[in-house]
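> Have a look; sequence and predicted model below, questions after that.
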Amino acid sequence: MRMSTLRVALLGCGVVGSEIARQMVEHSDDLAARVGARLELAGIAVRRTGRDRAIPGVDPEIFTTDAAALVARDDVDLVVEVIGGIEPARGLIMAAMERGKSVVTANKALLADDGFALHTAADKHGVDLYYEAAVAGAIPLLRPLRESLAGDHVTRVLGIVNGTTNYILDQMDTHGSGFAEALEEAQALGYAEADPTADIEGYDAAAKAAILAGIAFHSPVSLADVHREGISEVTAADVAGAKAMGAVVKLLAICELAPGGEAVGVRVHPAMIPREHPLAGVRGAYNAVFVEAASAGQLMFYGPGAGGTPTSSAVLGDLVTVARNRVAGVTGPGGSWYADRRVRPMGETVTRYHISLDVDDRPGVLAAVATVFAGHGVSIETVRQRTEVPDGAELVVVTHQAPDEALSATVDELAKLDTVREVMSVKRVEGE
Ligand SMILES: NC(=O)C1=CN([C@@H]2O[C@H](COP(=O)(O)OP(=O)(O)OC[C@H]3O[C@@H](n4cnc5c(N)ncnc54)[C@H](O)[C@@H]3O)[C@@H](O)[C@H]2O)C=CC1
Ligand SMILES: N[C@@H](CC=O)C(=O)O
Ligand code: NA
């Protein structure tokens, strides 16, 4: 009996798309055996044809600049979207689903912006929408959360989910590299988004945090709900200051269920973590995510979070899954947002601070500083004074846990003290 064929439209042929096409050709027999049908590239939508599009085994005639026409073709069964961004990706995915085609995408920006509507459309049209590559690249994370942990109660997801910023911070920590130089290397290696602002300013990690929180806590969370700070203001002095206290600076995504479960907190910001913490050892563009669940306890997922080849692994895994479902005439689990939880403002988050102050070196300064902390109910864990600062001193204060709003009000008031010449750096401390 002849094996049937499923025809795939590939939208986008950049870092990730070209790798998907290459592997679909190279591993076509294995993929067919796993799916129970051949996966054939029906067309590849690109922004411009005529460039050197040679992918061995791919007919140059299948490249097209008309993505909408490709998606609408009757001989296309499945659609893979790796263009990125909001439009035209959203319109193309919606059009595909309306025509009964299952979709695989790596597009975290879109999922964080409109995941609820996209899932609603997928359910309505009886198709699959899979996006494992959208969070933490190659690492299987969304499927374990949606499927393997569907019977457990997830309370916290914490991790490093942006390869570019981890690469930059790691280069700054290990080699003392400058920010710009490390960013250029990350772009050359294909880790960074087309517009690196998305990585550097934390938008990429925030989109991933929104997706993770929505799945983990069964409640819709969008990018706008995420408290976001990037790494563009992390200085060599911050990295050195962290080193001096046996810590390392990482950009963390933290999604947590508030006690009682009525609210969720979702935040992305640079934080100091102790060097002995497992996340401190995550180097280069690698990602790592801790998931804490009531019955499972602590789980850690680790691996390559960016780059064309690793990301293609997650996309092809999803493609095999939706193709198998298509062969079996079923769809996989859809969105699960039955719990309508409030998104807690950042001020309610309980955290710790590392604050570095440039102060006058004279009697009463420490007492004045301590009074400000006490006035906001913030307890100090350690104070260290360094006297290398010209005509003054550097006070480094590490706090106990306190609400973020009390900590930021403390910093605002410290900045107004006559004896404080400058608040040099403020970093949250996590992982203890
Ligand atoms: N590069 C990475 O490490 C990872 C990327 N992703 C996601 O994968 C997606 C693709 O990323 P990359 O391949 O890195 O980006 P890319 O910028 O290398 O590729 C996107 C391609 O789409 C093309 N394109 C733009 N508009 C188009 C249109 N209207 N029709 C057809 N083609 C069009 C561009 O010319 C470009 O070649 C994005 O959503 C990204 O966030 C996800 C995980 C990791
Ligand atoms: N730009 C992203 C790519 C993967 O999502 C990153 O650096 O992690
Ligand atoms: Na993933």
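Looks like it arrived, so ask away. Ligands and ions are numbered 1, 2, ... in the order given.

> Show me the protein divided up by domain.
Per automatic domain parsing, the structural domains of the chain span 5-137+308-328, 142-305, 347-429.

> Tell me which of those domains sits nearest to ligand 1.
Ligand 1 lies closest to domain 5-137+308-328 among the domains of the chain, at 1.9 Å (C-beta to the nearest ligand atom). (C-beta placed from N, C-alpha, C; glycine too.)

> what is the rounded mean pLDDT of that closest one?
Domain 5-137+308-328 shows a mean pLDDT of 96.

> Quick check: end-to-end length of it?
Distance between the two ends of domain 5-137+308-328: 14 Å, counting by C-alpha to C-alpha, to the nearest Å.

> is ligand 2 contacted by it?
Yes. Counting by C-beta under 6 Å from any ligand atom, ligand 2 has neighbours in domain 5-137+308-328: Gly137.

> roughly how far out does that domain sit from the chain middle?
21 Å (C-alpha atoms, centre = their mean, to the nearest Å).

> In the stretch 251-400 of the chain, which residue sits nearest ligand 2?
The nearest approach of the stretch 251-400 of the chain to ligand 2 comes at Ala306, 3.6 Å away (C-beta to the nearest ligand atom).

> and that residue, how many residues sit next to it?
29 (other C-beta atoms under 10 Å).

> That one: what's it in contact with?
Taking C-beta atoms under 8 Å, 6 or more residues apart in numbering, we find Ala306 in contact with 137, 162-164, 190-191, 285, 287.

> hmm, back to that, any chance of the domains of the chain in a markdown table, with mean neighbour count and distance to ligand 1 too?
Shown next, in a markdown table, are the domains of the chain (neighbours: other C-beta atoms under 10 Å; distance: least, C-beta to the nearest ligand atom, whole Å):
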| stretch | mean neighbour count | distance to ligand 1 |
| --- | --- | --- |
| domain 5-137+308-328 | 19 | 2 |
| domain 142-305 | 20 | 4 |
| domain 347-429 | 16 | 26 |
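
> How about the residues of the stretch 151-300 of the chain by ligand 2?
Taking C-beta under 6 Å from any ligand atom as the contact definition, the stretch 151-300 of the chain meets ligand 2 at 162-164, 191-193, 199, 204.

> what would the domains of the chain look like in JSON lines with distance to Ser336?
JSON lines is the format used below for the domains of the chain (distance: least, C-beta to C-beta, whole Å):
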{"stretch": "domain 5-137+308-328", "distance to Ser336": "9"}
{"stretch": "domain 142-305", "distance to Ser336": "5"}
{"stretch": "domain 347-429", "distance to Ser336": "25"}
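
> what's the closest of those to ligand 3?
domain 5-137+308-328 (4.4 Å; C-beta to the ion).

> Is any residue of that closest one near ligand 3?
Yes. Using C-beta under 5 Å from the ion, we find that domain 5-137+308-328 touches ligand 3 at 132, 136, 314.

> show me what contacts the last one?
Put plainly, it is Ala314. Contacts of Ala314 by C-beta under 8 Å, 6+ apart are 106, 132-133, 137-140.

> my read is it is in a helix, agree?
Yes. Assessed with DSSP: H, G, I helix; E, B strand; the rest coil, Ala314 lies in a helix.

> From Leu141, how far out is it?
Using C-beta to C-beta, to the nearest Å, Ala314 is found at 9 Å from Leu141.

> got any residues that touch both of the two?
What both Ala314 and Leu141 touch, as defined by C-beta under 8 Å, 6+ apart, is the set Glu132.

> if we can go back for a sec, mark which of the residues of the stretch 151-300 of the chain next to ligand 2 are part of helices, please.
163-164, 199, 204 (DSSP state H).

> show me which of the residues you listed neighbour ligand 3.
Okay, of these, nothing touches ligand 3 (C-beta under 5 Å from the ion).
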